[in-house]
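1. Let's see this in three dimensions:
(one chain, ligands or ions: 1)
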Amino acid sequence: MEQNLSPTAEKTNVFVYLIAGVAALAGLLFGYDTGVISGAVLFIKDQFALSSTVEEMVVSAVLVGAVIGAASSGQLSDRFGRRRVLIVTAIIFALGSIGTAMAPTVAVLIAGRIVIGLAIGVASFTAPLYISEISPVHIRGALVSLNQLAITCGIVLSYVVDYSFAGHKDWRWMFALGIVPALILLIGMIVLPSSPRWLMTQNLTEKARKVLKKVRGTTDVQHEIDEISETLGEETGGWKELFQPWLKMPLFIGLVLGLFQQITGINVVIYYAPTIFQFAGFSSAGVAILATAGVGIVNVLMTIVAIRFVDRIGRRPLLAIGLIGMTISLGVLGFAFSLPTLSEELKWIAVGSLMLYVASFAISLGPIFWLIIAEIYPLKIRGRAMSLATMFSWICNLAVAMTFLTLIEKVGRAGTFWVYGGICIVGWFFCYFFVPETKGHSLEEIEEHWHSGKSPRELGR
Ligand code: BGC
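-> Model prediction:
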């Protein structure tokens, strides 16, 4: 059932934007700390005379840490609360930034990058989780997607910082600067309130009421409190509940959406954009930098478009449009690379396809994976369920990063893009049949839907 929003509820309190903005700094750190390595590694390699195996370890340490961080922290966020977990994460980000910036040996550097990865793994789902639980229904999609916007800005910022320090080969400063958003996140999260929904799981109803009054800007919050307590009565909490028959479907949806977010190849483009441009026949360093910056900027701008539309046209149409765009662009890229040489026009068509691909990801799987997994799980086990889906998506991220170059060797450049394109088609069907339209539904209504045993597509019908 669509929730009827009162005019007071429609008038959104600015405080809630502030909360979402601060929590989204965790996303900024996610983007920054995953992106910064691409520039830094060039100088680290020279300074420590790294073999290619060790270089790969330096690059992928963060992903390994993220898998571990995501896997281990779901329970903590259910037990100690989203806010406390984000505070600890900010401290780990800060320590990791100092540790990597001062690393005397490559072993310490790798250890430091694993620590940063831990923080990224935790932050990647705890920030959307916290934001979704504090947001009013009608703008929840936009507020949660601020986190994805912050990820994309973090990636661009890391390119800018890498570029600024490249002249002096100063990789230490590249890592050190991560401390600035970490400290702002730390201070912000200390000051901000706990998630009202998590407070309710701890029987702290009066505290939850106080937070809700403040973030909704109204004293009329009884309806929301009642709705949350009703669902709480139906949940037992604990790992066992996660594997109950009524939750199999949302668990499946979260895991598979995480899989598609990664195996459709986004990070190949994010990490290897300059290489792809070289394939297309642009060889100068200037073009490589422009290519990388262009990809990053398109990613940011189209995430803003997603934020504008996610609560208006909904999650499903954006996924459908985005996946079609991704399929077409990968098909064209594959075609361009299947030719022995690229004419001048085809080179630019390849560039355009790459940009279309990033734009299509940015309006669909980019923000919507994180949003959907922050919406579809029952309150008491939300942290655990999200951590599982997140861990799986980080494993897929690692798998794609490790197989891209081998895939090119085995099936060629064109074949590689076609493989990703084929996966997008399967992803489109998966989204069509399985992803529910959560727009306009309270988190509690979504939970009730799973109880009813109806199919995901019937939500709200
Ligand atoms: C994904 C990352 C990706 C980023 C790009 C995120 O949602 O999880 O793997 O690098 O989007 O914008």
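2. in stretch 322-334, what's buried?
-> By neighbour count with 16 or more other Cβ atoms under 10 Å, stretch 322-334 contains the buried residues 322-323, 325-334. Just so you know, the C-beta spots here come from the backbone N, C-alpha and C atoms, and that holds for glycine as well.
3. what do you get for stretch 266-279?
-> 266-274, 276-277, 279.
4. Centre of the chain to the helix or strand containing Met391, how far?
-> Using DSSP states H and E, Met391 falls within helix 382-434. Here the centre of helix 382-434 is set off from its chain's centre by 14 Å, with Cα atoms, centre = their mean, to the nearest Å.
5. And stretch 282-299, by the same measure?
-> 22 Å.
6. likewise stretch 107-117?
-> 21 Å.
7. sorry, back to before: Serialize the buried residues of stretch 322-334 to JSON lines and add fields for pLDDT and distance to Ile131.
-> Listed next are the buried residues of stretch 322-334 as JSON lines, based on pLDDT from 0 to 100; distance: Cβ to Cβ, whole Å:
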{"residue": "Gly322", "pLDDT": "98", "distance to Ile131": "21"}
{"residue": "Leu323", "pLDDT": "98", "distance to Ile131": "25"}
{"residue": "Gly325", "pLDDT": "98", "distance to Ile131": "26"}
{"residue": "Met326", "pLDDT": "98", "distance to Ile131": "26"}
{"residue": "Thr327", "pLDDT": "98", "distance to Ile131": "30"}
{"residue": "Ile328", "pLDDT": "98", "distance to Ile131": "32"}
{"residue": "Ser329", "pLDDT": "97", "distance to Ile131": "30"}
{"residue": "Leu330", "pLDDT": "97", "distance to Ile131": "31"}
{"residue": "Gly331", "pLDDT": "97", "distance to Ile131": "35"}
{"residue": "Val332", "pLDDT": "96", "distance to Ile131": "36"}
{"residue": "Leu333", "pLDDT": "93", "distance to Ile131": "34"}
{"residue": "Gly334", "pLDDT": "94", "distance to Ile131": "37"}
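8. Got phi/psi on Ser284?
-> The phi/psi pair for Ser284 (degrees, to the nearest 10) reads phi -70, psi 150.
9. Next, the contact list for it, please.
-> Counting by Cβ atoms under 8 Å, 6 or more residues apart in numbering, Ser284 makes contact with nothing.
10. just to revisit the earlier point, which residues touch the helix or strand following the helix holding Met391?
-> Helices and strands here follow DSSP H and E; after helix 382-434, the next one along the chain is helix 443-452. Around helix 443-452, the neighbours that count as contacts under Cβ under 8 Å, 6+ apart are 1, 3, 132-133, 197, 227-228, 230-231, 234, 246-247, 249-250, 375-379, 436, 438, 441, 458-459.
11. could you flag which of those are buried?
-> 3, 132-133, 197, 227-228, 231, 247, 249-250, 375-379, 436, 438, 441, 459.
12. CA atoms only for stretch 283-298 - export them in PDB, please.
-> Provided in PDB are the C-alpha atoms of stretch 283-298 (Å, rounded to 0.1, in the frame of the first residue of the first chain):
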ATOM      1  CA  SER A 283      48.300   6.900 -27.100                       C
ATOM      2  CA  SER A 284      49.400  10.200 -25.400                       C
ATOM      3  CA  ALA A 285      49.500  10.600 -21.600                       C
ATOM      4  CA  GLY A 286      47.300  13.700 -21.900                       C
ATOM      5  CA  VAL A 287      44.500  11.700 -23.500                       C
ATOM      6  CA  ALA A 288      44.800   9.000 -20.900                       C
ATOM      7  CA  ILE A 289      44.400  11.600 -18.100                       C
ATOM      8  CA  LEU A 290      41.500  13.200 -20.000                       C
ATOM      9  CA  ALA A 291      39.900   9.900 -20.500                       C
ATOM     10  CA  THR A 292      40.100   9.000 -16.800                       C
ATOM     11  CA  ALA A 293      38.800  12.400 -15.800                       C
ATOM     12  CA  GLY A 294      36.000  12.200 -18.300                       C
ATOM     13  CA  VAL A 295      34.800   8.800 -17.100                       C
ATOM     14  CA  GLY A 296      34.900  10.100 -13.500                       C
ATOM     15  CA  ILE A 297      32.900  13.300 -14.300                       C
ATOM     16  CA  VAL A 298      30.300  11.500 -16.300                       C
END
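13. and it, does that touch the ligand?
-> No - Stretch 283-298 is not in contact with the ligand by Cβ under 6 Å from any ligand atom; minimum separation 8.7 Å.
14. now that stretch: mean pLDDT?
-> The average pLDDT for stretch 283-298 rounds to 83.
15. buried sites along that stretch?
-> 287-292, 294-296, 298.
16. and whichever strand or helix holds Tyr163, how far from the chain's centre?
-> Tyr163 belongs to helix 140-166 when assigned by DSSP H and E. A distance of 11 Å separates the centroid of the chain from that of helix 140-166, by Cα atoms, centre = their mean.
17. So is that helix next to the ligand?
-> Yes - using Cβ under 6 Å from any ligand atom, we find that helix 140-166 touches the ligand at 148, 151-152.
18. do stretch 403-419 as well
-> No - using Cβ under 6 Å from any ligand atom, stretch 403-419 never reaches the ligand; the gap is at least 13.4 Å.
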